[in-house]
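**Student:** this is the structure alone, sequence omitted:
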């Protein structure tokens, strides 16, 4: 078991909609001139409209299987692994919410900072590669590749095979148990009401925040209040700031 931190607190933070809004394969989908853009966009629309998207998030289906299922015909000069390589590179270079990351970095002397995301194997693998790299190549500060090492860990649904709203105990429980913590020692920053409600029902503090619509101060003040009062009952349950 990991040695629990002296501060006995952890801040879980969602990825999509909170720390980033970039999609998979952003270099293709955001390029008007890319030959695969329209076909990939249509295929991904089909994927995310079907139950297979949840199976992908729960680790029942791999990224390779999704790519195979989309059956996109590549230009002759593209390698067979082009879509997988682009997927990994684009995950690494996802643009991030720098002000929120800076806030989270500033509190790491008082709490663990853990990305908690309903996400796919490709994202988890990219994050782990960033964290395990001995040397960090020069990357822009607005990219995941820069901030990955500045987080303490990741919980990804494809790894734990559970989604936050459907099974918060299955999702967060193993990490909390490993560190000797409980939901009462944890806060969650998330843009989805169902995730926040499920977390709060387990005794955690949920701060609802959306990168697109909320100002940083709407989550900063409640988060700092929680850090000052965590474990004392000063702040409890769900805090809605969105």
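**Tutor:** Thanks, I have it. Quick caveat: nothing in here was measured; it's all calculated off a predicted structure.
**Student:** in this structure, which spans are strands?
**Tutor:** 10-13, 112-117, 153-156, 186-190, 205-208, 238-240 (DSSP state E).
**Student:** can you list the strands that the first one pairs with?
**Tutor:** Read that as strand 10-13. strand 112-117 (parallel), strand 186-190 (parallel) (DSSP bridges).
**Student:** okay, these, which one's buried deepest?
**Tutor:** strand 186-190 (a mean of 27; mean count of other Cβ atoms under 10 Å). For the C-beta atoms, the positions are set from N, CA and C on the backbone; glycine is no exception.
**Student:** poorly predicted segments of this structure, please.
**Tutor:** 1-7, 135-139, 230-242 (pLDDT under 70).
**Student:** look up how far residue 35 lies from the residue of it most remote from its centre.
**Tutor:** Ranked by distance from the centre of the chain (Cα atoms, centre = their mean), the top residue is residue 76, with 34.8 Å. According to Cβ to Cβ, to the nearest Å, residue 76 stands 11 Å off from residue 35.
**Student:** same question for residue 17.
**Tutor:** On the measure of Cβ to Cβ, residue 17 and residue 35 end up 29 Å apart.
**Student:** likewise for residue 184?
**Tutor:** Between residue 184 and residue 35 the distance, using Cβ to Cβ, works out to 53 Å.
**Student:** residue contacts, the residue nearest the centre of the chain?
**Tutor:** Central residue of the chain (Cα atoms, centre = their mean): residue 15, 3.0 Å from the mean position. Contacts for residue 15 (Cβ atoms under 8 Å, 6 or more residues apart in numbering) come out as 115, 117, 119, 123.
**Student:** do the same with residue 154
**Tutor:** With Cβ under 8 Å, 6+ apart, residue 154 has these contacts: 114-117, 124, 127-128.
**Student:** for it, list each beta-bridge partner.
**Tutor:** Beta-bridge pairing for residue 154 (DSSP bridges): residue 115.
**Student:** and it, how far from residue 18?
**Tutor:** Distance of residue 154 to residue 18, given as Cβ to Cβ: 14 Å.
**Student:** okay, residue 184 and residue 35: which has more neighbours?
**Tutor:** Taking neighbours as other Cβ atoms under 10 Å, residue 184 and residue 35 compare with residue 184 leading, 15 against 12.
**Student:** now the more buried one, nearest residue through space, not along the chain?
**Tutor:** Spatial nearest neighbour of residue 184, chain neighbours left out: residue 203 (4.8 Å); criterion: Cβ to Cβ, 6 or more residues apart in numbering.
**Student:** that neighbour: neighbour count?
**Tutor:** 13.
**Student:** which residue packs closest to residue 87, ignoring adjacent ones?
**Tutor:** In space, and not counting its chain neighbours, residue 87 is closest to residue 122: 5.3 Å by Cβ to Cβ, 6+ apart.
**Student:** could you find the closest non-adjacent residue to residue 147?
**Tutor:** Counting by Cβ to Cβ, 6+ apart, residue 147 lies nearest to residue 101, which is 4.9 Å off, once chain neighbours are set aside.
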